[in-house]
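*Asks:* Predicted model, plus sequence, below.
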Amino acid sequence: MSAPDFLPEQKRYLEGFASGLQAARARGHVSVPAGAPASGGPDAAHLAAMARFEAGGRKLADPEKWKREEHPFDGYARLKDQASRNEYPKPPDNFRWRFHGLFYLAPNQPFYMARLRMPNGVLNWRQLAGLADIADTWGAGHAHVTTRANIQIRGIEARNTTNVLEAVQDLGLTSRGSGADNIRNVTGDATAGIASHELLDTRPDTRRWHFHVLNDRSLSGLPRKFNVAFDGGGPIPTLEETNDIGFSAVQVGEGAPVMPGVWYRLGLGGITGHKNLVRPTGVVVAPQDSTTVADAIVRVFIDHGDRTNRARARMKYLIDAWGLEKFLAAVEERLGRRLDPVEERHISPRPPQDRLAHIGLHAQKQAGLLYAGIALPVGRLEPAQMRTIADAARELGDGDIRLTVWQNLLVSGIAEADRPVFEQRIAAAGLSLAVSPLRAGLVACTGSSGCKLANARTKEMAIAIAEHCDPRLELDTPINIHLTGCPNSCAQHYIGDIGLVGARVASGEDDTVDGYHIVIGGSYGGDAAIGREFAREIKAEDTPRFIERLLAAYLAHRTDDGETFRQFAARHDVEGLRRLAGA
C-alpha cells in the first residue's frame, strides 16, 4: 500500500523535517537511523508516520521520540558500556533496551529480566540445558514459562545483561524484539506435528514468520506491541483469538470460491485486556501465504497506528476508527490483490479441544509414542528441573521441549515402554504429570513481586488459592483461574472461568493492601467469551475463601448434564450468582 497523498504544506513539513534530522545527525546532536524519510531506509515508514502526526498538530508520545532520537537496535554499544559500569538505565534507555529483550524491573526489583523468543514455543534439549546454565550463572537461579509459550530469565544485574544476551544467541536463540513496540514471540499449536486430529502442522508457518520479522528491521518500532498466533486444530488451545492476528486452521469444503483443503481463518484485533477477542473477517488465508498477509496487515498498522496516545495505539483502535471493511481494503491495496472471503457454510466445524490436554501423558499420531505435559507451578522452573527435563527429552524423547500458553511444557516422542522411567525422573525433580483440575488451569503473570505495573501479587495468590481450595472441594471438571496484576492483562483474566486482576484495596484510613477485582464466565476456543465483572476490591487475605465459595456454589447448583462453569455463569445474572456464593 503506498503512502497517502500529502497536502503541499505537509510535504514541505516532511522535507524540512528530514533535512533537519540529517543536519542534526551531522552536528552529532541526535542519532538518526539510516532510513529517515529522505533516504527510504528501513525506518522510513515509521519516521514518516511520526512526521504526519506532528504535521497534524499532535504531540508524539515519549517512546516515539526516543525511537526517533536513536533506534534501539543502534544502541547496543551503549548497552555494553552501561554493563561494563554496572549502570542501570534512565527511562529512554529502559524503553530502548526492551527491544533487546531486557526489562529493568525497578522499583519492584533492582534487576533486569530477559525475555526470549522461540517460534511455536519449541526448543531443543541443549537449549533448555543452556538456559539453565544462564539462569544459574547470571540470573536469580530460576526461569519462568510465559503465557506466550516463551521463557524469561530473571534477576539479572546490569553488568551481566550483554553476557546473557550473547549467551542466549550462542544457544541459537534470541531475545531480539521480544519487548516494547515490536512483533512479539509467535505462538503456535503446542502439539504441532504430533496430534492425532490436527488439521496442519503450524511449525513451518510460525518459523517462516519468526525469521521474516527478525530479518526485516522495518518491522520493528511499531506504534505498540503486536501479537500473532497460529492454531493448527490440535487438542491444546493456542488462544489465537486473543492476538492482534489470529490464524485458525479450518477445513474448507467443496463449493467455496477457493480450493477445498486446509486454510487459516483470519481474525484481527484481539486484545483481551481491552475486552476484545479477534473480529471475524470472513477471510481465509492459504498457509503458504500467511507471512505475506501478516506482513501487509502489520505495515498498514505501521503507517496508520496512533503514535501519540499509547493507551489507544494498539491495532484494535485503528480498526475501531476505520471499520473492518476499510482496514481490509487497505490490506488488499498493500498486498496488490484481493483477499479470499469464504462463507461459514463452506467451513467444517473445528476439531474439539481438551482443557486438560496440556497435562499428563497422551498418545501421539506416531504409533507407540507419547507426549508428556509437565505441570509447572504457575510457570516457575528451577535450573535443576530444567536440566532434568532436558536430559529426559534427550534420552527418552525426541529431544524437543514444547512450551505452551498455559505456562507449562511438553516433552514429545516418548516410547510407551519408557513411560515409567520418564514419570520417575519428573517426580524426582519435584514436578508432576498429574495435578488437580484447578491447578491445571491456573495462569498467573509475574505480579507485583517482579513488575512495577502490577497492583498485587499473582503467582503467590494462585498457589494460595489452590492450596486452600483443593482439600475443600472435589472438582471433577477443568476450571481455569487467571490472575493478572494490572489491567494490561498479561494473564488474560477476561477469558478465564474466573479472572482476577490486581487492585489496591483500602485498609483503614491511610493504607492500602493487595486485593483483586474478579470477573467470571470468560472462555476461549469454540465458545470464546469475555468475562463479566463479579466483585471488586476483595482483599488478598479473603480471596482464597471467596473463590472457594464461588466454586462451591457451582458444584451445588450446576445442572446434571455436565454443565461447565462458563455455562453455569451464563445461566445466572451477576446478582443471582452473588446470592448463591454468599458474596
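*Replies:* Looks like it came in fine.
*Asks:* Check the gap between the residue sitting nearest the centre point of the chain and Pro235 for me.
*Replies:* Central residue of the chain (Cα atoms, centre = their mean): Arg148, 3.7 Å from the mean position. The gap separating Arg148 from Pro235 is 19 Å, by Cβ to Cβ, to the nearest Å. In this view, the C-beta of every residue, glycine as well, is placed from N, C-alpha and C.
*Asks:* Stretch 79-96 spans what distance, first to last residue?
*Replies:* Chord length of stretch 79-96, first to last residue, is 10 Å (Cα to Cα, to the nearest Å).
*Asks:* how distant is it from the center of its chain?
*Replies:* Centroid separation for stretch 79-96 versus its chain: 26 Å, with Cα atoms, centre = their mean, to the nearest Å.
*Asks:* Over to stretch 268-277?
*Replies:* Distance of stretch 268-277 from the chain centroid (Cα atoms, centre = their mean) equals 12 Å.
*Asks:* Equivalent analysis for stretch 132-144, please.
*Replies:* Relative to its chain's centre, stretch 132-144 lies at 22 Å (Cα atoms, centre = their mean).
*Asks:* ok, so what distance separates the spatially closest residue to Leu335 that is not a sequence neighbour from Lys225?
*Replies:* Using Cβ to Cβ, 6 or more residues apart in numbering and skipping the chain neighbours, the partner closest in space to Leu335 is Ala296 (4.7 Å). Separation of Ala296 from Lys225 (Cβ to Cβ): 19 Å.
*Asks:* Can you check the pLDDT for Gly450?
*Replies:* For Gly450, the pLDDT comes out at 84.
*Asks:* That one sits in which helix or strand?
*Replies:* Per DSSP states H and E: Gly450 is located in neither a helix nor a strand.
*Asks:* tell me the phi and psi of it?
*Replies:* Backbone torsions for Gly450, taken as degrees, to the nearest 10, come to phi -150, psi 10.
*Asks:* need the contact list for it.
*Replies:* Residues counted as contacts of Gly450 (Cβ atoms under 8 Å, 6 or more residues apart in numbering) are 105, 108-109, 113, 154.
*Asks:* Which of those lies at the shortest distance from Ile520?
*Replies:* Asn108 (28.8 Å; Cβ to Cβ).
*Asks:* Report how many residues lie close to that closest one.
*Replies:* Counted by other Cβ atoms under 10 Å, the residues lying close to Asn108 total 15.
*Asks:* can I assume Gly515 sits in a helix?
*Replies:* No - going by DSSP: H, G, I helix; E, B strand; the rest coil, the assignment for Gly515 is strand, not a helix.
*Asks:* hey, where'd the helices end up in the stretch 151-300 of the chain?
*Replies:* Secondary structure of the stretch 151-300 of the chain (DSSP state H, counting those that start in this stretch): helices located at 161-170, 203-214, 290-304.
*Asks:* can I get those in JSON lines with mean neighbour count, mean pLDDT and distance to Ala552?
*Replies:* Putting these into JSON lines (neighbours: other Cβ atoms under 10 Å; pLDDT from 0 to 100; distance: least, Cβ to Cβ, whole Å) gives the following:
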{"stretch": "helix 161-170", "mean neighbour count": "18", "mean pLDDT": "98", "distance to Ala552": "46"}
{"stretch": "helix 203-214", "mean neighbour count": "20", "mean pLDDT": "98", "distance to Ala552": "41"}
{"stretch": "helix 290-304", "mean neighbour count": "21", "mean pLDDT": "98", "distance to Ala552": "45"}
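*Asks:* can you redo those helices as TSV with distance to Thr281?
*Replies:* What follows is the helices of the stretch 151-300 of the chain, written out as TSV (distance: least, Cβ to Cβ, whole Å):
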stretch	distance to Thr281
helix 161-170	36
helix 203-214	18
helix 290-304	10
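*Asks:* quick revisit: assign a three-state SS to the residue nearest to the centre of the chain, would you?
*Replies:* Following three-state DSSP, we place Arg148 in the coil state.
*Asks:* and it, what does it touch?
*Replies:* Residues counted as contacts of Arg148 (Cβ under 8 Å, 6+ apart) are 184-185, 187, 227, 405.
*Asks:* again with Gly233
*Replies:* Gly233 makes contacts with 189, 195, 197-200, 248-250, 350-351, as judged by Cβ under 8 Å, 6+ apart.
*Asks:* and His453, what does it touch?
*Replies:* Careful, residue 453 is Leu; it's not His. The contact partners of Leu453, taken as Cβ under 8 Å, 6+ apart, are 485-486, 488.
*Asks:* Arg126 too?
*Replies:* 171, 390.
*Asks:* Show the pLDDT at it.
*Replies:* At Arg126, the pLDDT value in this model is 98.
*Asks:* if I've got this straight, it is in a helix?
*Replies:* Yes - according to three-state DSSP, Arg126 belongs to a helix.
*Asks:* any idea how far Asp391 is from it?
*Replies:* According to Cβ to Cβ, Arg126 stands 11 Å off from Asp391.
*Asks:* Same question for Ala190.
*Replies:* Ala190 is 21 Å from Asp391, where distance means Cβ to Cβ.
*Asks:* repeat for Ala158
*Replies:* On the measure of Cβ to Cβ, Ala158 and Asp391 end up 33 Å apart.
*Asks:* And these two? Which one has more around it.
*Replies:* More crowded of Ala158 and Asp391, by other Cβ under 10 Å: Ala158, with 21 against 15.
*Asks:* just checking, that one touches Ala83?
*Replies:* Yes - at 6.0 Å, Ala158 counts as touching Ala83 under the criterion of Cβ atoms under 8 Å.
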